[in-house]
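J.: predicted model and sequence follow; I will ask about them next.
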Amino acid sequence: MSLIEKIDAPDGGEIEQGKRLIRVGGGHGASLGEHLSSLLHRLSWRTPFHAFRLRGRYPLKLLAVPKDPVAGDKAAGEAILQGRFVRRHEALAVDALDFAALGADELGRYLHSFEWLRDLAAAATRERGAKLAEKVVQQWLEAHAGTVSEPAWRADLWGRRILFWTAYAPYLLSSRDPTYRAVLLNTLSRGARHLDKAAEKARPGLARITAWAGVIAAALLVQGGPARLSRGEAGLLRALAGSLHDDGGLFSRSPTEQLMLVELLAQLRAAYYAGERDMPEAVAEALAGAVAALLGVTLGDEALSSWQGGNMGSRRRVAAAVEGSGVRVRPLRQPRGWGYQRLEAKGTIAVFDAAPPPPTRAFAGGCASTLAFELSDGASRLVVNCGGPGLAAGSVTPALVHALRSSAAHSTLTLGDRNSTAVHEDGSLGKGVGQVEVVRDETAGAIMVEAGHDGYVRRFGLVHQRQLILAADGRELRGQDLLILQGRRRRSDAIPFAVRFHLHPDVEAATTADGQGALLRGPGRMVWQFRCRGGRLAIEDSLWLDGGAEPLATSQLVIAGDSPGDGTAVAWIFRRAG
C-alpha cells in the first residue's frame with residue numbers, strides 16, 4: 001500500500017491509510033429458522049384470524065392525492081394505449097391480461113405494482129387514460145381483492161401499489177360506479193392493514209423499505225392516523241439502518257436497486273408533502289445519500305455502470321429519478337461500504353469496484369467483480385463489464401446469467417482461471433474476497449486509487465492489488481496489477497493469469513505491430529492507445545448486455561501470462577490520442 005498517512009475525503013469524513021472493507025455475512029443466505037418463520041407467516045394469511053385482522057372501517061375517499069415526482073416512459077405509455085404492456089423483452093396484450101396467472105417476474109412486478117400507471121400518465125391525459133386504467137384495476141380486484149395470496153399480496157408489491165394507486169387516483173377513481181369505487185377503496189384499506197403485519201416480514205433490503213413506505217403512505221393518504229404513521233416511520237428507520245451503508249449505498253451494492261430506492265423515497269417524500277407533514281430528517285438524509293451514491297456509479301452518458309448483475313439501464317430513467325428526488329448533490333466519489341470509487345477528470349470517468357461483493361443475505365445475484373472498473377470518454381463508453389439482465393433475469397439463459405457473474409466477465413484480473421469469489425449455481429456467493437484495503441490520494445493533481453483483495457490467498461497464497469491513476473487532464477489512465485505473496489508459503493509451479501478489459505461494442509480494436517499495444521477507435525473522433533507490459537496481449541471475443549438486457553457481440557483486450565509462486569506485476573496504460 002502507498003505510504004499515505006491520511007487523506008481528506010471530499011465527500012465528508014476521512015479515509016485512513018489502508019482502510020479495510022470487510023465482507024459481512026459471507027455467502028450465507030437466510031437461516032433455516034428464518035425460512036421457516038417466513039413460511040409460517042405466509043401460511044397464516046389463509047387463516048380466519050388474518051382475515052379478521054383485515055377488517056375495519058372503510059374509507060369513503062382518500063385524505064390526499066400526491067403527485068408522482070418521477071416522470072414515466074412515454075413510449076411505454078403509448079404502447080399501453082395501443083393495447084400492449086411492454087417491459088424490456090416481454091410484451092403482453094392488454095386484452096390477454098390474467099392477473100390470476102401472473103407471476104412475479106419483471107413484467108409481473110410491473111403489472112402487480114401498477115408502476116405502469118406512471119408510464120400511462122406520461123402518454124395520456126386523465127380523460128384519455130382513465131377508462132383503460134379502471135378496466136385493468138377492475139381485473140386485479142376480481143382476481144385478488146378477496147384472496148390474500150402471493151405474489152399479489154407480497155408486502156413490497158403492496159407497498160408500491162399503495163404509492164401508485166394514491167398518486168394516480170384521478171385515473172382510477174373517475175368512475176361513476178359506486179360499487180367499483182367502494183371495492184377499490186376498501187381493498188386499499190385492507191392492503192394497508194395487511195402491511196401493518198407483513199412489512200417487518202418482508203425480505204431485508206429494498207423490499208422491506210418498500211413495504212414500510214407503503215405503511216407510511218397509507219397513514220398519510222388513506223387512513224390510520226398518528227399511530228400507524230409513528231409505527232411506519234419506526235419500521236422504515238429500522239429497515240433503512242439495516243439496508244444502507246452510512247454513505248447512502250444499499251448493502252446489495254446493486255445500482256439497479258439503488259435507482260429503485262431513489263424512486264421509492266422520492267414518491268414517499270411526495271406523500272408526506274400531500275399529507276402536509278414533514279419527512280423525518282433521517283429519511284431525508286437517506287434520500288440525499290442514496291442519490292449521491294446513485295450518481296457515483298453513472299458514466300459520461302449519464303447511465304449506470306454495470307455491476308452486480310445489472311446493466312446500464314435507461315439514462316432517461318436515471319435522470320427522471322434524480323430530478324424527481326428534488327435532491328441536488330454531487331456524485332459520491334469516495335464511498336465507504338458502497339465501495340464504488342469514482343475517478344473523474346475533464347470528461348473522463350472511471351468507476352472502480354474497490355469493495356468485497358455483497359453478502360448473499362443482502363443480494364442473491366452478487367458478482368465476483370472486485371477490482372474491476374469501467375471507463376468512459378465523454379458520452380462514449382470505452383471499457384465495460386459484460387453486464388447482466390438486471391431485473392429481467394428471464395431474458396437470458398440461466399447459464400449465461402451464471403457466466404456473467406464471474407470475474408472473467410468483468411474488467412479485472414483472474415488467477416488460475418478462478419473467480420476471486422466463488423459463484424454458486426443457486427445464486428449465492430461462496431468463499432473468496434473477505435476484505436479489501438483501499439487508499440485514495442488526490443494531493444498531486446492526479447487521482448490515485450489503490451486497492452487489494454484476499455480472494456486468491458486461500459488457494460494460491462497471493463494478494464491481488466490494483467492501482468489506478470487518472471491524470472488531471474483526463475487524457476491518461478495508468479494501471480498496475482500486482483500479485484503479492486502473503487505469508488511464507490510459496491508455490492513452486494507457475495500460475496496462469498489473465499487481465500481483461502472488455503470493450504464497448506462501439507469500440508474497434510487493432511493490435512500494434514509489436515504485439516504489446518492496441519489502437520482503440522470509438523464513436524466520432526474518439527481514439528485511445530493502449531500499451532502494456534508483463535504479459536502477452538491478445539484481442540478476443542466478448543459480449544455486453546445493453547440497457548435492454550440485449551446481448552451484443554464485442555471484443556476484449558486480454559493480457560495473459562504465468563505468475564511465479566511469489567507473484568508478478570503487470571502494467572498498462574490507456575492514453576487518449578490527438
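T.: Yep, that arrived.
J.: now do the contacts for G378.
T.: 300, 347-348, 526 (Cβ atoms under 8 Å, 6 or more residues apart in numbering). The C-beta positions use only the backbone N, C-alpha and C, and glycine is treated the same way.
J.: distance of P389 from R161?
T.: Applying Cβ to Cβ, to the nearest Å, the value for P389 to R161 is 24 Å.
J.: can you report how many residues neighbour G427?
T.: 18 (other Cβ atoms under 10 Å).
J.: which residues sit in contact with R490?
T.: When contacts are counted by Cβ under 8 Å, 6+ apart, R490 touches 461, 565-566.
J.: helix, strand, or coil at it?
T.: coil (DSSP: H, G, I helix; E, B strand; the rest coil).
J.: buried subset of the contacts of R490?
T.: The neighbour-count test (16 or more other Cβ atoms under 10 Å) marks 461, 565 as buried among these.
J.: and the contacts of R490, which is closest to F530?
T.: Distance to F530, by Cβ to Cβ, is smallest for D566 among the contacts of R490, at 27.8 Å.
J.: now that closest one. Nearest residue, chain neighbours left out?
T.: In space, and not counting its chain neighbours, D566 is closest to L485: 4.5 Å by Cβ to Cβ, 6 or more residues apart in numbering.
J.: specify the beta-bridge partners of that neighbour.
T.: L462 (DSSP bridges).
J.: that one: how many residues sit nearby?
T.: For L485, using other Cβ under 10 Å, the count is 17.
J.: isn't it up against G565?
T.: Yes - between L485 and G565 there is a contact at 7.3 Å, judged by Cβ atoms under 8 Å.
J.: what touches both of these two?
T.: By Cβ under 8 Å, 6+ apart, the residues touching both L485 and G565 are G461.
J.: for the stretch 451-578 of the chain, which segments count as strands?
T.: Using DSSP state E, counting those that start in this stretch, the strands of the stretch 451-578 of the chain run over 462-470, 476-485, 495-503, 508-511, 517-521, 527-533, 536-545, 551-563, 567-576.
J.: out of those strands, which is closest to P170?
T.: Of all those, the one in closest proximity to P170, counting by Cβ to Cβ, is strand 536-545 (37.6 Å).
J.: the closest one pairs with which strands, and in what direction?
T.: strand 551-563 (antiparallel).
J.: tell me what the closest residue to R440 other than its chain neighbours is bridged to.
T.: Using Cβ to Cβ, 6+ apart and skipping residues adjacent in sequence, the residue nearest R440 is V449, 4.9 Å away. Note on V449: beta-bridge partners by DSSP bridges are R440, L468.
J.: list the contacts for V449?
T.: 341, 343, 352, 354, 438-440, 467-468.
J.: redo that, cut-off 6 Å
T.: 341, 352, 440, 468 (Cβ atoms under 6 Å, 6 or more residues apart in numbering).
J.: could I get those as JSON lines with neighbour count, distance to E257 and pLDDT?
T.: Shown next, in JSON lines, are those (neighbours: other Cβ atoms under 10 Å; distance: Cβ to Cβ, whole Å; pLDDT from 0 to 100):
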{"residue": "Q341", "neighbour count": "25", "distance to E257": "19", "pLDDT": "98"}
{"residue": "F352", "neighbour count": "26", "distance to E257": "20", "pLDDT": "98"}
{"residue": "R440", "neighbour count": "23", "distance to E257": "25", "pLDDT": "97"}
{"residue": "L468", "neighbour count": "22", "distance to E257": "26", "pLDDT": "98"}
